[in-house]
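Student: A predicted structure for the sequence below; I have some questions about it.
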Amino acid sequence: MQLGRDFVRALAQITKERGLSQEVIASSLEAALISAYKKYQGGNQDVEVHIDTENGDISICEVKHIVADVVSPDTEISLADAQAQGFVDVTEGDFIRIEKNPENFGRIAAQTARQVIIQRLKDAERQIIFEEFSDRVGDLVTGVVFKSENDQVLIRLNDRTEAILPREERIVNEKYIPGERLKFYLLDVRQTTRGPRIVVSRTHPGLLRKLLELEVPEIQEGVIEIKNIVRESGARAKVAVQTLDMNVDPVGACVGNNGARIKSISKELCGEKVDVIIWNSDPLQYIRNSLSPAKIVRIEPILEQEKAVTVFSRPDQLSLAIGKAGQNVRLAARLTGWKIDINALEPERMPTLHDIFQDIIDDSGAE
């Protein structure tokens, strides 16, 4: 039986274009033809199929066990019947392979071949996509929004790959307009029965880290190290950095000339304000830095509590230290891992004449 030269040419083309080996397709097709043959014959035969990928020839054999008493005709045959079919030098207990070429099975074989090849292409493409992106989890990827409706946002990463942007991974109030190109953090890749499921994020701290690495050469080169990042996506973020070269200002390098670098990152993150602060091994100094841009007067550890401090600022700096709806102090606490309580420190004042003569004034009033 032949699948024909068209099959051979198609097989060669698929192998070249899709990177699938002929052995993979042939073995899948052989398995499918075994199943199709059993269904066609309506039995439980032991079947072997071999495909010659050079000329498209198919050989189908039923494997039968030679026995004295035949119980299962699908898999067993008597010695006399085996000899009648031309198997002369055999004895009971041997296995023989009887070649079959049933009528009309050629059409079924061709249909099966087509279905198997289509399925193998789908499986192979899914595997290629999975292998391509599973190694990139944690990377920065660029994609185009191609569907944003009914609470579903889908991102096209390339011609054959789509990713999901779940609700919890979206920046609040950010609009996802079809055709818009954005940067994402590759959060997760996993295999499912329907192919790879790729999840991206716009809220993960890793996105800000990757954008900083992209914009700040000193971070790429390892001169500046990012120690920690916390975000309230779309609103505000804090980044703790340290320099490994005392001649390099880590904050200045991250911010850039006239704030160019940090403005570019903020623009990519829907206007998110990014505070860059210097990391310090001294936790109290680190807390002071983390509350930037507020000026802190004094920090006192709370002895009864673990990793807790009371911070004092001037009254005019209190709202800045706390931040809008407590955002600045909340992010500082997450960044440092310390509980922070902020109070206003009333300024000491020089005594007035009224204070000095208060006792005389009181005495005269009493008289």
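Tutor: On my side now, so go ahead.
Student: can you list the weak-confidence ranges in this protein?
Tutor: With pLDDT under 70 as the threshold, the chain has low-confidence stretches at 1-7, 17-20, 103-104, 106, 109-110, 113, 117, 347-367.
Student: Select the longest helix from it.
Tutor: Determined from DSSP state H, the single longest helix within the chain is helix 105-134.
Student: Where do the helices of the stretch 251-367 of the chain begin and end?
Tutor: 260-268, 283-290, 315-322, 327-336, 353-356, 358-366 (DSSP state H, counting those that start in this stretch).
Student: Make a markdown table out of these and add mean neighbour count.
Tutor: All C-beta spots, glycine's among them, are computed from the backbone N, C-alpha and C. Below are these laid out as a markdown table (neighbours: other Cβ atoms under 10 Å):
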| stretch | mean neighbour count |
| --- | --- |
| helix 260-268 | 16 |
| helix 283-290 | 20 |
| helix 315-322 | 16 |
| helix 327-336 | 21 |
| helix 353-356 | 9 |
| helix 358-366 | 9 |
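Student: Tell me what angle the helix or strand that the longest helix of the chain is followed by forms with helix 105-134.
Tutor: Tracing the chain past helix 105-134, the next element assigned as helix or strand by DSSP states H and E is strand 140-149. Compare the direction of strand 140-149 with that of helix 105-134 by axes from the mean of the first three to the mean of the last three Cα atoms, to 10 degrees and you get 120 degrees.
Student: In terms of secondary structure, what does strand 140-149 contact?
Tutor: Secondary structure elements in contact with strand 140-149, counted by 3 or more Cβ pairs under 8 Å, 6 or more residues apart in numbering; DSSP states H and E, are strand 152-158, strand 161-164, strand 181-192, helix 205-215.
Student: Report the strands that pair with that strand, each with its relative direction.
Tutor: strand 152-158 (antiparallel), strand 181-192 (antiparallel) (DSSP bridges).
Student: and that strand, which residues are buried?
Tutor: 140-141, 143, 145, 148 (16 or more other Cβ atoms under 10 Å).
Student: Check the gap between Asn150 and Arg167 for me.
Tutor: Distance from Asn150 to Arg167, counting by Cβ to Cβ, to the nearest Å: 12 Å.
Student: Columns distance to Pro73 on top of the helices of the stretch 251-367 of the chain, output as a markdown table?
Tutor: Below are the helices of the stretch 251-367 of the chain laid out as a markdown table (distance: least, Cβ to Cβ, whole Å):
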| stretch | distance to Pro73 |
| --- | --- |
| helix 260-268 | 72 |
| helix 283-290 | 83 |
| helix 315-322 | 88 |
| helix 327-336 | 75 |
| helix 353-356 | 119 |
| helix 358-366 | 122 |
